[in-house]
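J.: need the 3D shape of this:
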Amino acid sequence: MLLRRPRRTVMSDTPRPRPSIGALQPQLVQWRRHLHRFPELGFQEQATSRFIAQKLASWGIDVQTGVAKTGVVATIAGRGDGPVVAVRADMDALPILEGNRVEYASENTGIMHACGHDGHVAIALGTARWLAEHRDALPATVKILFQPAEEGPGGAKPMIEAGALASPDVAAIVGLHLWNNMPLGQVGVKGGPSFANAAKFKATILGRGGHGAIPQQTVDAVVVGAQVVNALQTIVARNVDPFEPAVVTVGKFQSGTNFNVIAQSAYLEGTVRCFSPELETRLPERIEQVIAGICQAHGASYEFEYDRHYPVLMNDPAVAELVRSVAEEFLGRGRVRPETTLGGEDMAFFLQKVPGCYFFLGSANPERGLDKPHHHPCFDFDETALGLGVELFVRCLERFWERSMAE
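T.: The predicted structure is shown next:
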């Protein structure tokens, strides 16, 4: 019997944005597709930054460029002195060869927007455009942060160090991630941990090379490395509480030079994700123990590096509740649910400095084939989500102002 995975259906009655935001939809799509055609890697987003800055300046918005190399900060002054709220959008792409056959496919070979950051920029631009058109009615100032290098090595912390949250000081921050793990028109949001701690490890297995026909004279780094990869999978399966989320993934394995040569060395890279501070300390120790033990058993040696990248992303409970209430009011209660992922996000650094919320906006439409996972070479999403994103951001800002004036 063939078991089929249930299809995620997109609700055809997804609410529409207000007319003034709905009118921006063609431009949102145009901006997103332009950015998708010309993707750039972290801290190399020169053309992307120019595109963003030119749009903002044409709308009469104050623009600061070159923030943390390629970041852009837009400041839209309101008529009142209420708390300043920031909106954040990441803008870098990934080193992936695009597999999509679309007119807006990447023209930069080997680089692709495979995680939705092009959509994030388009949504932030649309929010800026709408705010600029209604600036006379804004009760407070809004800052929009276009951040480089989220995929690595991380642009949030350098932007903070460059003063992105100051002058004027930001009181709260919101951001969203288009999410192909949820159907179009749904929102995932919760207070507390939402994205995991993210770390990277590197290991070099040092064996003894030789002739493929005389293995007894060698220590085969391929064999040792393969056993290391397999053994690392047991850490989560056998050393971590089954109720505690954790991931140990080897994403890179390089070794060997020819079919009849036993490799002298093997090189591994991987990532570790968890929410627990205790695991954050224990997992790197256990990984090195596994590598050391296997190498010792085979007469090999090793080199090991472990780098902690992003902390756990912690949503402020009050701001998350605000976002949840806004999303339910706009989309309906049945379309809003708690959501977490073991993915990492350097939005976490902004949330360490000011209260805020980073939420998920469903963007998958399986009926149109727009449901490939993030970082897939054929990743794409339903662009209807762009207008929904602008509406959600604007409603969040309006709710912030309502609450600040009521206090």
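J.: scan this protein for its longest strand.
T.: Residue-count comparison of every strand in the chain, with assignments taken from DSSP state E, identifies strand 170-183 as the longest.
J.: just the CA coordinates for it, please, in CSV.
T.: Listed in CSV are the C-alpha atoms of strand 170-183, where the atom choice follows Å, rounded to 0.1, in the frame of the first residue of the first chain:
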residue,chain,number,x,y,z
VAL,A,170,14.9,51.9,19.2
ALA,A,171,12.4,50.8,21.9
ALA,A,172,11.2,47.7,20.1
ILE,A,173,11.9,45.7,17.0
VAL,A,174,9.9,43.3,14.7
GLY,A,175,10.9,41.1,11.8
LEU,A,176,9.5,38.2,9.9
HIS,A,177,10.7,35.1,8.0
LEU,A,178,8.8,33.9,5.0
TRP,A,179,8.3,30.2,5.8
ASN,A,180,7.7,27.4,3.3
ASN,A,181,7.1,25.1,6.2
MET,A,182,3.7,26.8,6.6
PRO,A,183,0.9,27.4,4.0
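J.: and Q27, how many neighbours?
T.: A count of nearby residues for Q27, using other C-beta atoms under 10 Å, gives 15. C-beta coordinates here come from the backbone N, C-alpha and C atoms, glycine included.
J.: mind checking the pLDDT average for the helix or strand just after the longest strand of the chain?
T.: Scanning forward in sequence from strand 170-183 by DSSP states H and E, the next helix or strand is strand 187-188. Taken as a whole, strand 187-188 has an average pLDDT of 98.
J.: now do stretch 128-148
T.: 97.
J.: do stretch 41-57 as well
T.: Here the average pLDDT along stretch 41-57 is 98.
J.: and if you look at stretch 302-316?
T.: According to the model, stretch 302-316 has a mean pLDDT of 97.
J.: quick thing: my sequence starts at 801, can you match it?
T.: Okay, residue one is now 801; in that scheme the one you just asked about reads as stretch 1102-1116.
J.: hmm, back to that, how far does the longest strand of the chain sit from the chain's center?
T.: Here strand 970-983 shows a centroid-to-chain-centroid distance of 10 Å under the convention C-alpha atoms, centre = their mean, to the nearest Å.
J.: next: stretch 924-936.
T.: With C-alpha atoms, centre = their mean as the basis, the mean position of stretch 924-936 lies at 24 Å from the chain mean.
J.: touching that stretch from outside, list them.
T.: 820-821, 824, 827-828, 831, 852, 855-856, 859-861, 874, 876-879, 887-889, 938, 942, 944, 946, 1186-1187, 1189-1190, 1193-1194, 1197 (C-beta atoms under 8 Å, 6 or more residues apart in numbering).
J.: those residues in helices, which ones?
T.: In this view, these that belong to helices under DSSP state H are 820-821, 827-828, 831, 852, 855-856, 1186-1187, 1189-1190, 1193-1194, 1197.
J.: of all the residues you listed, which comes closest to P895?
T.: Within the set of the ones in helices among the contacts of stretch 924-936, I852 lies nearest P895; the separation is 21.6 Å, counting by C-beta to C-beta.
J.: surely the closest one meets F946?
T.: Yes. The pair I852 and F946 passes the contact test of C-beta atoms under 8 Å, sitting 5.3 Å apart.
J.: what is in contact with these two at once?
T.: Taking C-beta under 8 Å, 6+ apart as the contact criterion, the common neighbours of I852 and F946 are 872, 891, 921.
J.: between those residues, which has the most around it?
T.: Counting neighbours by other C-beta under 10 Å, V872 comes out on top of these with 30 neighbours.
J.: check contacts around the spatially closest residue to it that is not a sequence neighbour.
T.: Distances taken as C-beta to C-beta, 6 or more residues apart in numbering put F946 closest to V872, at 4.1 Å, once the chain neighbours are dropped. F946 makes contacts with 849, 852, 871-874, 889, 891, 921, 924, as judged by C-beta under 8 Å, 6+ apart.
J.: and A914, by the same measure?
T.: Remark: with contacts taken as C-beta under 8 Å, 6+ apart, A914 is in contact with 893-894, 896, 898, 1174-1177, 1179.
J.: one more time with 6 Å, if that's ok
T.: When contacts are counted by C-beta atoms under 6 Å, 6 or more residues apart in numbering, A914 is found next to 894, 896, 1175, 1179.
J.: likewise E1167?
T.: Applying C-beta under 6 Å, 6+ apart, one finds that E1167 lies in contact with no residue.
J.: any idea how far P983 is from it?
T.: Distance from E1167 to P983, counting by C-beta to C-beta, to the nearest Å: 10 Å.
J.: so where's this protein shaky on pLDDT?
T.: Counting by pLDDT under 70, the ranges of the chain that qualify are 801-812.
J.: could you pull out the helices for it?
T.: Counting by DSSP H, the chain forms helices over residues 819-822, 825-837, 846-858, 917-933, 956-961, 1021-1039, 1077-1098, 1117-1131, 1147-1153, 1184-1206, given from the N-terminal end onward.
J.: what packs against the third one?
T.: The one in question is helix 846-858. strand 862-867, strand 871-876 (3 or more C-beta pairs under 6 Å, 6 or more residues apart in numbering; DSSP states H and E).
J.: that helix vs helix 917-933, what angle?
T.: Taking axes from the mean of the first three to the mean of the last three C-alpha atoms, to 10 degrees, helix 846-858 and helix 917-933 form an angle of 10 degrees between their directions.
J.: compute the inter-axis angle for helix 846-858 and strand 871-876.
T.: Our comparison of helix 846-858 with strand 871-876, counting by the same axes, to 10 degrees, yields an angle of 10 degrees.
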